[in-house]
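# Fold the following and give me the result.
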Amino acid sequence: MALLRGRHGIALSTACVRRIMIDAGFWVPRKQRPPRIHQRRNRRACLGELVQIDGSDHPWFEDRAPACTLLVYVDDATGRLMQLLFAPTETTQAYFVATRAYVEPHGKPLAFYSDKAGIFRVNARDNAEGRGLPVEPVCEPPPLPLPLPAMMHPLDLVAAPCGR
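Numbering: from 1, shown residues only. Take a look at the predicted model:
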């Protein structure tokens, strides 16, 4: 609207510009857009080929302890919970600790899948912490349903198999 007013001296409301764009076919209202179809991918074939990692902030211990983050490592091929770790917050350091706890008993996976959380972005190249585990990062949608923390109930975690 500022460009119309500044460059052309035309003063129109946002709703008016939107209606003109809809009528001209330049903009389709969200409710009229076709739904996006996401192609499901096949799970990986072998245990350890792809490990999905995610964290979930939740009052896991109700009023008995402060809210914390549960870091979960799930094998893509089997859907098995491979590693669980409670951390005060979802940080890079917490993932380093959880990854070490995963790698020591299970070995290095071929790839990790994670959401696009900022803790996985490298902002400073001189930060050497975390180097030395060359694992392919994967940014493809995971198959659903998987027992990631957001989809789990705290009681499911107690009964869920963990480890080998």
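# What are the boundaries of the strands in this protein?
50-58, 68-75, 81-87, 111-113, 136-138 (DSSP state E).
# Highest mean neighbour count out of the ones you listed?
Of all the strands of the chain, strand 68-75 has the most neighbours on average by mean count of other C-beta atoms under 10 Å, namely a mean of 22. To be clear about C-beta, it is placed using only N, CA and C from the backbone, and glycine gets the same treatment.
# Check what contacts it and list those residues.
Applying C-beta atoms under 8 Å, 6 or more residues apart in numbering, the set of residues contacting strand 68-75 from outside is 47-48, 50-58, 60-61, 80-90, 94-95, 98, 102, 146-149, 152, 157.
# Report the contact partners of the residue most central in space within the chain.
What sits nearest the mean C-alpha location of the chain, by C-alpha atoms, centre = their mean, is Asp115, with 2.1 Å. Taking C-beta under 8 Å, 6+ apart, we find Asp115 in contact with Asp54.
# Distance from the longest helix along the chain to the middle of the chain?
Criterion DSSP state H: the longest helix present in the chain is helix 92-106. Remark: helix 92-106 is offset 17 Å from the chain centroid, using C-alpha atoms, centre = their mean, to the nearest Å.
# Stretch 17-32 now?
32 Å.
# What mean pLDDT does that stretch get?
Here stretch 17-32 scores 88 as its mean pLDDT.
# do the same with stretch 96-108
94.
# The chain - how does it break down into domains?
2-32, 50-159 (automatic domain parsing).
# Could I get the buried residue list for stretch 26-44?
Arg44 (16 or more other C-beta atoms under 10 Å).
# Do me a favour and get the end-to-end distance for it?
Chord length of stretch 26-44, first to last residue, is 41 Å (C-alpha to C-alpha, to the nearest Å).
# just to revisit the earlier point, Throw the strands of the chain into JSON lines and include distance to Lys31, thanks.
Below are those laid out as JSON lines (distance: least, C-beta to C-beta, whole Å):
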{"stretch": "strand 50-58", "distance to Lys31": "31"}
{"stretch": "strand 68-75", "distance to Lys31": "35"}
{"stretch": "strand 81-87", "distance to Lys31": "39"}
{"stretch": "strand 111-113", "distance to Lys31": "32"}
{"stretch": "strand 136-138", "distance to Lys31": "33"}
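# Could you tell me the least trusted of those strands?
Taking the mean pLDDT of the strands of the chain, strand 136-138 comes last: a mean of 61.
# show me where the chain has helices.
Assigned by DSSP H, the chain shows helices spanning 2-3, 14-24, 92-106, 154-159.
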